[in-house]
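J.: Output the structure for:
(one chain, ligands or ions: 1)
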Amino acid sequence: MKFNRIPPKHYPIETSDGSMTLFSEAFQEACHSSNGARAETLHHYIEGCRVVERSELYSPFEVLEVGLGLGTGLLTTLEMFPPLQHLRYLSLELDRDLMNWFQEEHQELGLSWDGDVLQGHCGNAQIAILCGDARSTLPTYLQTIPYSFHAIYQDAFSPRRNPSLWTVEWFRLLREASHPSVILSTYSASTSVRKGLEAAGWGVLKGGPFGDKRASTRAVLDRPTDPEIQLQLQRAPVSPRFDLQLDAP
Ligand SMILES: C[S@@+](CC[C@H](N)C(=O)[O-])C[C@H]1O[C@@H](n2cnc3c(N)ncnc32)[C@H](O)[C@@H]1O
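T.: Alright, predicted model coming up:
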């Protein structure tokens, strides 16, 4: 699908499955793999978090997306989610221009602003997108509107470009807001990210390959880290990221 308009400070890229992504000038990175924005979303998030099967078990089924981007995660979830189940979808986005663009580009969703939240009801889905730095918007919002996430799409830009959304403290916050059956899924298979998840109390599991990446990561609270991954983590001389290191030179 092509865009009607391009959001400020981004440029469009067509990926190899024909779906579009955006390259961010601010982060100097594309929002998706060039091997297919939609295919990657289906693989890592819809299938990775087993959204369709598990939506039957919990009502409402609660999803957190770290990084709205151009909305591929949200739109694909709405498309795949069983029509008779109830979805609560919370997304986080730093860039207000991008959110305004998304609202205009997808008027069919009927989203409107309430302060710093872009929100609405669309069929069986309740959608809220928090505008601002997720490190402060998420904990503040959860104080008044509680969630217990069944699925987390950890889809920030890469740890190198977007380090504050890959620290032990961030993963701890996500754990505290999660249902015991949660599945967190991310495209990253970096040792430092996996160590960060483990240090925050997650059990770390291997996720499948996509495009030119040989592996990805899933994390859960109801099982310990996979023994093979545990061994790799113990042997690797890499540390997890902590908030304290973010401002270090
Ligand atoms: C990889 S893109 C997300 C792609 C999106 N999930 C999709 O399917 O289109 C990462 C997004 O995270 C946002 N972001 C980066 N840092 C953030 C922060 N501290 N708080 C909230 N959003 C942030 C970026 O602006 C960007 O839109």
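J.: For the protein, just list every one of the helices.
T.: Listed in chain order, the helices of the chain (DSSP state H) span residues 37-41, 51-54, 72-80, 96-105, 134-144, 168-176, 191-199, 227-235.
J.: So what touches the longest strand seen in the chain?
T.: Scanning the chain for the strand with the most residues, using DSSP state E, yields strand 178-186. The contact list for strand 178-186, computed with Cβ atoms under 8 Å, 6 or more residues apart in numbering, reads 44-45, 48-50, 54, 57-58, 62, 148-155, 174, 193, 197, 202, 207, 216-222. For the C-beta atoms, the positions are set from N, CA and C on the backbone; glycine is no exception.
J.: Name the residues of that strand that come out as buried.
T.: Buried residues in strand 178-186, defined by neighbour count with 16 or more other Cβ atoms under 10 Å: Ser178, His179, Val182, Ile183, Leu184, Ser185, Thr186.
J.: picking up where we left off before, so of the helices of the chain, which one's packed in deepest?
T.: Burial of the helices of the chain is given as mean neighbour count (mean count of other Cβ atoms under 10 Å); helix 37-41 ranks first at a mean of 24.
J.: Now do the buried residues in stretch 82-97.
T.: Of the residues in stretch 82-97, those with enough neighbours to count as buried (16+ other Cβ under 10 Å) are Gln85, His86, Leu87, Arg88, Tyr89, Leu90, Ser91, Leu92, Glu93, Leu94, Asp95.
J.: Of these, which are in range of the ligand?
T.: By Cβ under 6 Å from any ligand atom, the members of the buried residues of stretch 82-97 lying near the ligand are Leu92, Glu93, Leu94, Asp95.
J.: Of the residues you listed, which is the nearest to Arg235?
T.: Leu92 (33.8 Å; Cβ to Cβ).
J.: who touches that closest one in this structure?
T.: Leu92 makes contact with Leu64, Glu65, Val66, Gly67, Leu68, Ile129, Leu130, Ala134, Thr137, Leu138, according to Cβ under 8 Å, 6+ apart.
J.: What's the local residue count around the fifth one?
T.: Just to be clear, that refers to Leu68. Applying other Cβ atoms under 10 Å, we find 23 other residues in the vicinity of Leu68.
J.: so where's this structure uncertain?
T.: Low-confidence segments of the chain (pLDDT under 70): 1, 248-249.
J.: what does it have sitting close to the ligand?
T.: Taking Cβ under 6 Å from any ligand atom as the criterion, the neighbours of the ligand within the chain are 31, 41, 65, 67-73, 92-95, 98, 133-135, 155-157, 162, 164-165.
J.: excluding its backbone neighbours, what's nearest Glu40?
T.: Nearest in space to Glu40, with sequence neighbours left out and distances taken as Cβ to Cβ, 6 or more residues apart in numbering, is Ser33 at 4.8 Å.
J.: Dihedrals phi and psi, that neighbour?
T.: Backbone geometry at Ser33, expressed as degrees, to the nearest 10, gives phi -70, psi 150.
J.: tally of neighbours for it?
T.: As a burial measure, Ser33 scores 21 neighbours (other Cβ under 10 Å).
J.: hang on, it packs against Lys213?
T.: Yes: in this structure Ser33 lies within contact range of Lys213 using Cβ atoms under 8 Å: 7.5 Å.
J.: Now list whatever residues contact both of these two.
T.: When contacts are counted by Cβ under 8 Å, 6+ apart, Ser33 and Lys213 have Tyr187 as shared neighbours.
J.: No further questions, thank you.
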